[in-house]
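Asks: coords below, sequence missing:
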């Protein structure tokens with residue numbers, strides 16, 4: 001997993017890191033927001049691909065939580 005940090009400017013805009021733009025999110029993006037989570041993906045991405053990516057991300061977060069609890 002690659003983690004990016006971005007600030008929201010005074011106009012409410014967020015900067016998308018160059019590495020992320022180079023990875024394919026450089027055209028039109030779609031975003032979905034729930035609570036404290038924002039999902040950004042390239043427009044037209046099949047829902048099945050988004051779900052698979054989310055499953056992998058959830059598994060990674062669970063592992064991080066488990067490792068943090070073990071400390």
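Replies: All right, it came through fine. Values in this document were obtained by computation on a predicted structure and should not be read as measured data. Residues are numbered from 1 along each chain as shown.
Asks: And the strands in this structure?
Replies: Taking DSSP state E as the criterion, the chain carries its strands at 29-34, 37-42.
Asks: For stretch 58-68, what is the distance to the chain centroid?
Replies: Distance of stretch 58-68 from the chain centroid (CA atoms, centre = their mean, to the nearest Å) equals 16 Å.
Asks: Single out the most deeply packed of the strands of the chain.
Replies: Comparing these by mean neighbour count (mean count of other CB atoms under 10 Å), strand 37-42 ranks first with a mean of 13. To be clear about C-beta, it is placed using only N, CA and C from the backbone, and glycine gets the same treatment.
Asks: Strand 29-34 and that one, what's the angle between them?
Replies: Interaxial angle of strand 37-42 relative to strand 29-34 (axes from the mean of the first three to the mean of the last three CA atoms, to 10 degrees): 160 degrees.
Asks: Check which helices and strands strand 37-42 sits against.
Replies: Under the contact criterion of 3 or more CB pairs under 8 Å, 6 or more residues apart in numbering; DSSP states H and E, strand 37-42 touches strand 29-34, helix 47-70.
Asks: Give me the sheet partners of the first one and which way each runs.
Replies: Paired neighbours of strand 29-34 in the sheet (DSSP bridges): strand 37-42 (antiparallel).
Asks: Report the rounded mean pLDDT for the strand it pairs with.
Replies: Average pLDDT, strand 37-42: 88.
Asks: Kindly calculate the angle that that strand makes with helix 47-70.
Replies: 140 degrees.
Asks: Pick out the shakiest of the helices and strands packed on strand 37-42, pLDDT-wise.
Replies: Across the helices and strands packed on strand 37-42, strand 29-34 gives the lowest mean pLDDT, at a mean of 88.
Asks: Please consider this matter closed, and thank you.
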